[in-house]
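Trainee: for reference, the sequence and a predicted model appear below.
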Protein chains: 2
Amino acid sequence: MAHRIVSDEVFLATALDLFRTYGFEGVSLKQLADATGLEKASLYYRYPGGKDAIAMAAAGEAVRWLQANVFDPLAGGGPPRKRVSLVAEKLREFYAGGLKACVMDVLSIRGGSEELQLGLKTAMQALTSAFAHVAKESGYGAAAARSKAEEAVVRLEGSLILARVLGDTACFERVLKGLPDLLTAPS
Amino acid sequence: MAHRIVSDEVFLATALDLFRTYGFEGVSLKQLADATGLEKASLYYRYPGGKDAIAMAAAGEAVRWLQANVFDPLAGGGPPRKRVSLVAEKLREFYAGGLKACVMDVLSIRGGSEELQLGLKTAMQALTSAFAHVAKESGYGAAAARSKAEEAVVRLEGSLILARVLGDTACFERVLKGLPDLLTAPS
DNA sequence: GTCTATAAAGAGATAGAC
DNA sequence: GTCTATCTCTTTATAGAC
């Protein structure tokens, strides 16, 4: 077989997609190799830590995406409500309108490394903080903002599960639509 | 090794616990055998369909639990608000205060049989309908009741994920506490 | 109805050629 | 830096004794 060139970016995007669909235990190295066009041995060259390391790197990709498309926009300037609307649009994209699962949901099921669990926890805390920040800027007090932020994360996660189980993304869309109202204080 | 006697009820309860913790792909027949005290070959005698059949039967146990502890109480008599409070208490028990995952979440990750996925979908629809029924009885119109019911399921599922990822069950407890207010119309 | 034993396939992981 | 080949362990699944 000829040598293949697969950028780390493409590799990790493919890996992340597999993990989101089948979970940590549900993805094998052969699957990862086949889906990315590399051989298993090549995966070990790139990630000597094996599947644990690949999942960790894939989750890191997701966190970087969050940083660029959610955390940064929420912290940036402009009207808070506008920022939330923009982020909702980005989230719709990331979750494919509710068809793709949340990385924090799927990868938090026992099986992956402790390091991975910790990373997911940190990411979820960061997401909550980012939501709380914009809610506070919109006029809410610190405690109320925190509460609204938690509710936003709960709704996002919950609606993604309903979408997956029911095979109907309508509830996820409703949650996205309600995000600006939920996270910004009425003026 | 001497013959062991393990009732189907005990076996399925143990199996369900394993599946809730590690997911479908994360549980092996050896794990199931070790945890229940039976040998793998005995599992195939009881469930010729193998792991798929065991997961299906375990999920069936969960549905029977829902029927007895959620659907029936919600449909029964008494003040709607009282019924919801009682059910919230039962749910706290079933989810061990937020420490145990939702079967519909964990088992809906691809890997199990199509039949299992369909069963989970039916269960979630039944749960939503049961919530909607009591909400309607409390005074909400059909559409509002349906909406409140969906929100309840979303919050339950979402808060269980937050609890798992963050290692903090406080949000699940808050959702349980807010369930009566959410599902019953103010008089 | 449960056991021991084993088959067959798939998993993670490594060695060494190119 | 990727490949082929192989190793070891685990997994699912079955055969047959008791």
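Mentor: Now that the structure is in, tell me what you want to look at. Numbers count the residues shown, from 1 in each chain, chains lettered A, B, ... in the order given.
Trainee: near DNA strand C, which residues of chain A are found?
Mentor: By Cβ under 7 Å from any atom of the strand, the residues of chain A that approach DNA strand C are A:Val27, A:Ser28, A:Leu29, A:Lys30, A:Gln31, A:Lys40, A:Ala41, A:Tyr44, A:Pro48, A:Gly50, A:Lys51, A:Asp52. Every residue, glycine included, has its C-beta placed from N, CA and C.
Trainee: go again with 10 Å.
Mentor: With Cβ under 10 Å from any atom of the strand as the criterion, chain A meets DNA strand C at residues A:3, A:24-34, A:39-45, A:47-55.
Trainee: give the buried subset of these as a PyMOL selection command.
Mentor: Burial among these is assessed by 16 or more other Cβ atoms under 10 Å in any protein chain shown; the matching PyMOL selection reads:
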select buried, chain A and resi 24+25+26+27+29+32+42+43+47+51+52+53+54+55
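Trainee: output the below-cut-off pLDDT ranges for chain A.
Mentor: Low-confidence segments of chain A (pLDDT under 70): A:1-2.
Trainee: now do 90
Mentor: A:1-5, A:76-77, A:187 (pLDDT under 90).
Trainee: around chain B, which positions in it sit nearby?
Mentor: Neighbours of chain B within chain A, by Cβ under 8 Å from any Cβ of the partner chain: A:21-26, A:101-102, A:104-106, A:108-111, A:117, A:120-121, A:124-125, A:150, A:153-159, A:161-162, A:164-167, A:171, A:175.
Trainee: what subset of the residues you listed is buried?
Mentor: Applying 16+ other Cβ under 10 Å to those flags A:21-26, A:101-102, A:104-106, A:108-109, A:111, A:117, A:120-121, A:124, A:150, A:153-159, A:161-162, A:164-166, A:171, A:175 as buried.
Trainee: all helices of chain A, in order?
Mentor: Defined through DSSP state H, the helices belonging to chain A, from first to last, are A:8-22, A:29-36, A:40-46, A:50-66, A:72-75, A:80-94, A:103-106, A:114-137, A:142-166, A:170-183.
Trainee: now these as a markdown table including distance to B:Asp17?
Mentor: Shown next, in a markdown table, are the helices of chain A (distance: least, Cβ to Cβ, whole Å):
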| stretch | distance to B:Asp17 |
| --- | --- |
| helix A:8-22 | 22 |
| helix A:29-36 | 28 |
| helix A:40-46 | 33 |
| helix A:50-66 | 24 |
| helix A:72-75 | 39 |
| helix A:80-94 | 33 |
| helix A:103-106 | 20 |
| helix A:114-137 | 19 |
| helix A:142-166 | 20 |
| helix A:170-183 | 28 |
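Trainee: in a markdown table, list these along with distance to DNA strand D.
Mentor: Shown next, in a markdown table, are these (distance: least, Cβ to the nearest atom of the strand, whole Å):
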| stretch | distance to DNA strand D |
| --- | --- |
| helix A:8-22 | 8 |
| helix A:29-36 | 7 |
| helix A:40-46 | 3 |
| helix A:50-66 | 13 |
| helix A:72-75 | 30 |
| helix A:80-94 | 27 |
| helix A:103-106 | 19 |
| helix A:114-137 | 19 |
| helix A:142-166 | 22 |
| helix A:170-183 | 31 |
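Trainee: so A:Pro180 sits right up against A:Ser85, yeah?
Mentor: Yes. With contacts counted by Cβ atoms under 8 Å, A:Pro180 reaches A:Ser85, the gap being 5.2 Å.
Trainee: and these two? which has more neighbours close in?
Mentor: Ranked by neighbour count (other Cβ atoms under 10 Å in any protein chain shown), A:Pro180 and A:Ser85 place A:Pro180 first, with 19 against 16.
Trainee: list the contacts of that one.
Mentor: A:Arg81, A:Val84, A:Ser85, A:Ala88 (Cβ atoms under 8 Å, 6 or more residues apart in numbering or on different chains).
Trainee: how near is it to A:Lys148?
Mentor: 11 Å (Cβ to Cβ, to the nearest Å).
Trainee: contacting residues around A:Glu37?
Mentor: Check again: residue A:37 is Gly, not Glu. Per Cβ under 8 Å, 6+ apart, neighbours of A:Gly37: A:Arg4, A:Val6.
Trainee: could you do A:Arg110 as well?
Mentor: B:Thr21, B:Tyr22, B:Gly23, B:Gly26.
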